[in-house]
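K.L.:
Show me the folded form of this:
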Amino acid sequence: MRCPQCGFEVAAGAAFCSRCGTRVFSARPESRHEFALSRIMTSWWTYAGSFTAAAMLVGLAIAALASRQQGARPIAIGLFALAVLITLVAMVSRRNTNWSITSERLIERRGFLSQARREVELADIRSVEVTRSFSQRLCGLGTIVVSSAASADYLIRMQNVSNPDAIAETIRKARLKRLA
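P.N.:
Predicted coordinates:
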């Protein structure tokens, strides 16, 4: 590498030119690389009501076909189509919101056609709060609220996620590693 001031050949790894004393700036490789720790999605239990309704509609469609009454076939097809539509809406709805924990930040993505993205640096996290209602406890779910030190109203809410205590612990460990 050459000195930008005098053109003297500087030894590799030197911070200053040995001839004129000018600081030599060298491109340093990035010391930290961001990597994914976890990807979190809303639990399937959130959509149990939709799947139950779809199963009941399929049952009604089968009963309509089994009755062998005139005009029952179009009704059965309509009920079956409605059950498929309800199932597809539930599946797409689940994919609309997800959270990613990386070694540097917590990322929330929302939306299907239009999307919104919110990020919180792990170093900026003020608190991680886990709440579990009675029905969530029965299903092994919970809600995690991560608040940022940047603003009092800036928070990420992860609703109906499986194993919330383990996720909160993952965030805490990643935050401590980031701060170290």
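
K.L.:
where does the chain dip in pLDDT?
P.N.:
Within the chain, the stretches with pLDDT under 70 are 1, 5, 25-32, 151-153.

K.L.:
Could you give the number of residues near the nearest residue to Glu34 once chain neighbours are set aside?
P.N.:
Among residues not flanking Glu34 along the chain, Glu104 sits closest, at 4.6 Å (Cβ to Cβ, 6 or more residues apart in numbering). To be clear about C-beta, it is placed using only N, CA and C from the backbone, and glycine gets the same treatment. Other residues near Glu104 number 17, with proximity taken as other Cβ atoms under 10 Å.

K.L.:
mind listing what Glu104 touches?
P.N.:
32, 34, 121-122, 178 (Cβ atoms under 8 Å, 6 or more residues apart in numbering).

K.L.:
Now distance to Arg110, neighbour count and secondary structure too, for these, in TSV please.
P.N.:
TSV is the format used below for those (distance: Cβ to Cβ, whole Å; neighbours: other Cβ atoms under 10 Å; DSSP: H, G, I helix; E, B strand; the rest coil):
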residue	distance to Arg110	neighbour count	secondary structure
Arg32	27	8	coil
Glu34	21	10	coil
Glu121	19	14	strand
Leu122	20	21	helix
Arg178	24	17	helix
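
K.L.:
what about the residue of the chain positioned farthest from its centre, helix or strand, and which?
P.N.:
Centroid-distance maximum for the chain: Arg19 at 53.8 Å, with Cα atoms, centre = their mean. Using DSSP states H and E, Arg19 sits in no helix or strand.

K.L.:
What separation is there between it and Ala11?
P.N.:
Distance, Arg19 to Ala11, by Cβ to Cβ, to the nearest Å: 11 Å.

K.L.:
what do you get for Leu82?
P.N.:
With distances taken as Cβ to Cβ, Leu82 is found 76 Å from Ala11.

K.L.:
and if you look at Gly59?
P.N.:
Distance of Gly59 to Ala11, given as Cβ to Cβ: 80 Å.

K.L.:
Next: Met91.
P.N.:
Separation of Met91 from Ala11 (Cβ to Cβ) stands at 61 Å.

K.L.:
Settle it for me: which of these two has more neighbours?
P.N.:
Met91 (13 against 9).
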